[in-house]
Structures are given as C-alpha cells and as structure tokens.
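Asks: Generate coordinates for the sequence data below:
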Amino acid sequence: LALEAPELDLTSAASIAAAMAGFRPEAIINAAAYTAVDRAEDDRALAFAVNGTGPGLLGEAAARAGIPVVHYSTDYVFDGSKPTPYTEADAPNPVGAYGASKLEGEQRLHAAQPRSVTFRTAWVCSAHGNNFVKTMLRFGKERPELRVVADQQGAPTFADDLADAAIAILPKLVAAKAGEDCFGVFHLTGQPFTTWHGFAEAIFEGAAARGQPAPKVTAITTAEYPTRASRPANSRLDCSRAAAVLG
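Replies: The predicted structure follows:
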C-alpha cells in the first residue's frame, strides 16, 4: 500500500496510526521527504517536520506494532570536506537545513525503533519526478551550451535500484531481532563515481545515440554557480558495509 498526502500526514501520529490500523502492515518503507534543498533554508519548520519529526513518528508506530522500518536518507548529512568516500563510521556534519533535518530523522527513527534500516544515498535519478537527468535533457533541447559544475563528486543512483534493495532485505528484517547487524545505517549508491559535469556528458552521449539534441557541456566551479544552500563537494559514499552485511 503506497500512501501519500492527504491520505497520510507524515507529521501526524494520529494519521500514521489510522493508516496502520486499517492496513496492519508487516513493514514500513519511508520514501517520503522534503527534498527542496534550497527552499529548506527558508522553510525550516516544514523541512524538519517532514524529515525530522516524521521518521520518529513512524518509528514509534512501528515499535508499537513490532515491525521494521526501511528509511532513505542522504549524503547531505556530511559536509563534503572529506577527501575520500564517506563510511557509516564518519561523523555527520550537515551544513544546511536539509541535511540537518535528514540527520534528525535518522536519529529519531533509530531511537524509536532499533529494528530499522536507513539507506543513505545520493544523486538519485528516475523516470519520475524531478532529477538531474530529466533537467539536462530538457535544457539540452532549449540551449546550445550548458555550464555544469565539475568540482562536486558523487555517484548517480537509479531509484529503481533503491526500491529493489528495500524489497530484497525486507524478509530478513521481518525475521530479525533488534541488535542484529542487518539493522542500522547503510550507504547505498550507484557506481561509478563521477562529477556533475561527467554525468551530464554521459547523459548527452546517450541522448545523441538516440537522435536527441546534445549541446556543448562546459565545466564550471561551484563558485560560478551559487545556490541558496551549500552542496557537498564530496558526495561519494563507501557502500562496502551494505555489500558485506546485506549482500
């Protein structure tokens, strides 16, 4: 059962309880989030309600029902200053409201329901919604040249892979007891690492092969593309724990 507003209000314990009473789930997957990174700087109350309070309320409801939770978080819990990929052992240090709200959600969830998994991911793209691939393809039809940041690193991640990962581990989580190593925080992104500029070049290489427009892609620095919220220069996540523990 996939619920969204107004059927379920993630910021309301009563709304969550009503949804669970009607459906009686065996597990919860929280794919909801406030993801407008720049707008979150000025809309902190809503960002923290959805990203911070919401996962905690889900955790409390799941604990009462005795069921596990799979939750999605972000590389933005880190400041991006580390020169190598981040592991789960690295201390979070969010520099903006979005990252801080997501970190609070992780903490509230795991405190409320230890039988939870948080997948931190990055650079998610999909056939649905708004994402970098769709934005590039749209701009490519409108402009002969695109200026794309080349000093931020990460790994493009396909949303379907994140969904498949949740489905794959749910049977293990339902059967496992609190304290087992299948619970906790895991990093989960695609491969390989690249930059936004490198990703854009790959997108237009694919577009050209399909007879679609492929504009010139010019590399620029983050300083040449200022935004309301800071972006991590290093969004690379080390996913070896997920490979070792979850397979």
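Asks: Arg147: helix or strand, and which one exactly?
Replies: Per DSSP states H and E, Arg147 falls inside strand 145-149.
Asks: Neighbouring strands - and their directions - for that strand?
Replies: With DSSP bridges as the test, strand 145-149 is paired with strand 216-220 (parallel).
Asks: Return the set of buried residues in the helix or strand following the partner strand.
Replies: Downstream of strand 216-220, the next assigned helix or strand under DSSP H and E is helix 240-246. For helix 240-246, the neighbour count (16 or more other Cβ atoms under 10 Å) marks 241-242, 246 as buried. Where C-beta positions appear, they are placed from N, C-alpha and C, glycine not excepted.
Asks: Contact partners for the closest residue to Ala155 other than its chain neighbours?
Replies: Distances taken as Cβ to Cβ, 6 or more residues apart in numbering place Thr189 nearest to Ala155, at 4.3 Å, with adjacent residues excluded. Taking Cβ atoms under 8 Å, 6 or more residues apart in numbering, we find Thr189 in contact with 75, 121-123, 154-155, 157, 236-237, 239.
Asks: And Thr189, what's its pLDDT?
Replies: Thr189 is assigned a predicted lDDT (pLDDT) of 98.
Asks: element containing it, please.
Replies: Counting by DSSP H and E, Thr189 is found in no helix or strand.
Asks: mind checking the SS state of Arg120?
Replies: The three-state assignment at Arg120 reads strand, by DSSP: H, G, I helix; E, B strand; the rest coil.
Asks: What count of nearby residues applies to it?
Replies: 26 (other Cβ atoms under 10 Å).
Asks: in the sheet, who's paired with it?
Replies: Here Arg120, judged by DSSP bridges, has bridge partners Ser73, His187.
Asks: Quick check: it touching Leu237?
Replies: Yes: with contact defined as Cβ atoms under 8 Å, Arg120 reaches Leu237; the gap is 6.2 Å.
Asks: Now the common contact residues for those two.
Replies: Joint contacts of Arg120 and Leu237 (Cβ under 8 Å, 6+ apart) are 75, 187-188.
Asks: okay, those residues in JSON lines with neighbour count and distance to Arg39 next?
Replies: Below are the shared contacts of Arg120 and Leu237 laid out as JSON lines (neighbours: other Cβ atoms under 10 Å; distance: Cβ to Cβ, whole Å):
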{"residue": "Asp75", "neighbour count": "23", "distance to Arg39": "19"}
{"residue": "His187", "neighbour count": "23", "distance to Arg39": "26"}
{"residue": "Leu188", "neighbour count": "23", "distance to Arg39": "26"}
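Asks: and which of those is nearest to Ala209?
Replies: Ala209 has its nearest neighbour among the shared contacts of Arg120 and Leu237 in Leu188, at 28.6 Å by Cβ to Cβ.
Asks: Cross-check the contact I'm expecting between the closest one and Val124.
Replies: No: taking contacts as Cβ under 8 Å, Leu188 lies outside contact range of Val124: 10.5 Å.
Asks: so what's in contact with those two at the same time?
Replies: 157, 162.
Asks: rewinding a little: I'd like to know which of the contacts of Thr189 are buried.
Replies: 75, 121-123, 154-155, 157, 236-237, 239.
Asks: Just give me the closest of those to Ala166.
Replies: Nearest to Ala166 among those, with distances taken as Cβ to Cβ, is Thr121, at 11.2 Å.
Asks: What distance do you get for the closest one to Thr157?
Replies: Relative to Thr157, Thr121 is positioned 5 Å away (Cβ to Cβ, to the nearest Å).
Asks: which residues of this structure fall in strands?
Replies: 28-30, 69-74, 116-121, 124-125, 145-149, 153-154, 157-158, 184-187, 194-195, 216-220 (DSSP state E).
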